[in-house]
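Student: let's see this in three dimensions:
(4 chains)
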Number of protein chains: 2
Amino acid sequence: MEKAFKALASTPRRRILNHLAGGPMTVGEIAANFDMAMPSISKHIAVLHDAGLLHRQKRGQEVIYSIAADKLANNLYAFLTPFCPEARALSAERKLPGSDDLPAQTGEDKA
Amino acid sequence: MEKAFKALASTPRRRILNHLAGGPMTVGEIAANFDMAMPSISKHIAVLHDAGLLHRQKRGQEVIYSIAADKLANNLYAFLTPFCPEARALSAERKLPGSDDLPAQTGEDKA
DNA sequence: TAGATAATTTCCTAAATAGGAAAATATCTA
DNA sequence: TAGATATTTTCCTATTTAGGAAATTATCTA
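Tutor: The predicted model follows:
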């Protein structure tokens, strides 16, 4: 949770997440949307991944990232629950986009 | 939104919000829950207030803060919407605790 | 009016963060 | 194997942030 909120406290990182809402992308594809050097983007991505907000999948020499929407939503809903109870219901069962765009998580995060 | 996420990226500040979930409190009451000097707490509160996440009401020499749950929830739901569509519905009409605990917002934030 | 109390502001230092350039790692392909 | 390409890591500097002590402001009360 601490890591997730720290990760979200950056405009470029939130923009990366927004780009990934369109589906999984390589680091290069993500970086193409920014006016920032690739190493900087790579480090932002690392922060998001370290917070558990991104899935990583390696294909050849490229690395494909996709959003861990469930983790993202669960963190925010859990945090919101004390302030607006209707968030609690959502913390439970949810159907999210992004999680299904990859070939059914078979441990890509370690590759 | 930028300010809100920056404000939330701090454990002491999220703890302050959690304390305020119990209802409006003075700075001193909030500070009593922390092992941190009052000026530091005061500054954290200022960050939250500047982000629009807290309402301020002055009564005598005390300053009473309460949570702006609608602003908090709206920010997070708006951010979440691209990733989990069900958040969109919540961005609209909502009944939140905290907003009603004060004598019906008559401009206390400027006082 | 002279303290006492509540909160904020100012000033300072230590630590964290962002970003780039250059180097390092992997992997692909001729 | 020798490049070429994709990504990450290392190293550096500039900026931001956190927190405390002391000073300041505002308000209460004897």
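
Student: distance of the closest residue in space to A:Asn33 that isn't next to it in sequence from B:Gly23?
Tutor: Distances taken as C-beta to C-beta, 6 or more residues apart in numbering or on different chains put A:His19 closest to A:Asn33, at 5.6 Å, once the chain neighbours are dropped. No exception for glycine: its C-beta is placed from N, CA and C like everyone else's. Distance from A:His19 to B:Gly23, counting by C-beta to C-beta, to the nearest Å: 40 Å.

Student: A:Ala69: neighbour count?
Tutor: By other C-beta atoms under 10 Å in any protein chain shown, the residues close to A:Ala69 number 25.

Student: residue ranges with poor pLDDT in chain A?
Tutor: Scanning chain A for pLDDT under 70 picks out A:89-111.

Student: which parts of chain A are strands?
Tutor: Assigned by DSSP state E, the strands in chain A fall at A:25-26, A:54-59, A:62-67.

Student: can you put these in CSV and add mean neighbour count and distance to chain B?
Tutor: Conversion of the strands of chain A to CSV gives the following (neighbours: other C-beta atoms under 10 Å in any protein chain shown; distance: least, C-beta to the nearest C-beta, whole Å):
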stretch, mean neighbour count, distance to chain B
strand A:25-26, 18, 14
strand A:54-59, 18, 12
strand A:62-67, 20, 6
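
Student: output those as TSV; include the columns distance to A:Arg15.
Tutor: Below are the strands of chain A laid out as TSV (distance: least, C-beta to C-beta, whole Å):
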stretch	distance to A:Arg15
strand A:25-26	12
strand A:54-59	14
strand A:62-67	13
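
Student: tell me which of these sits nearest to A:Pro39.
Tutor: A:Pro39 sits nearest to strand A:62-67 of all the strands of chain A, at 13.7 Å, using C-beta to C-beta.

Student: identify each buried residue in stretch A:30-40, please.
Tutor: Going by neighbour count (16 or more other C-beta atoms under 10 Å in any protein chain shown), the buried part of stretch A:30-40 is A:Ile30, A:Ala31.

Student: next one: it to chain centre, how far?
Tutor: Centre-to-centre, stretch A:30-40 and its host chain are 17 Å apart (C-alpha atoms, centre = their mean, to the nearest Å).

Student: got it, and stretch A:12-26?
Tutor: With C-alpha atoms, centre = their mean, you get 7 Å for stretch A:12-26.

Student: same thing with stretch A:63-79?
Tutor: On the basis of C-alpha atoms, centre = their mean, stretch A:63-79 sits 5 Å off its chain's mean C-alpha point.

Student: please apply the same query to stretch A:5-25.
Tutor: That offset, for stretch A:5-25, works out to 6 Å (C-alpha atoms, centre = their mean).

Student: what's the answer for stretch A:63-81, then?
Tutor: Worked out by C-alpha atoms, centre = their mean, stretch A:63-81 lies 7 Å from the chain centre.

Student: is any residue of it near DNA strand D?
Tutor: Yes: between stretch A:63-81 and DNA strand D, judged by C-beta under 7 Å from any atom of the strand, the touching residues are A:Val63.
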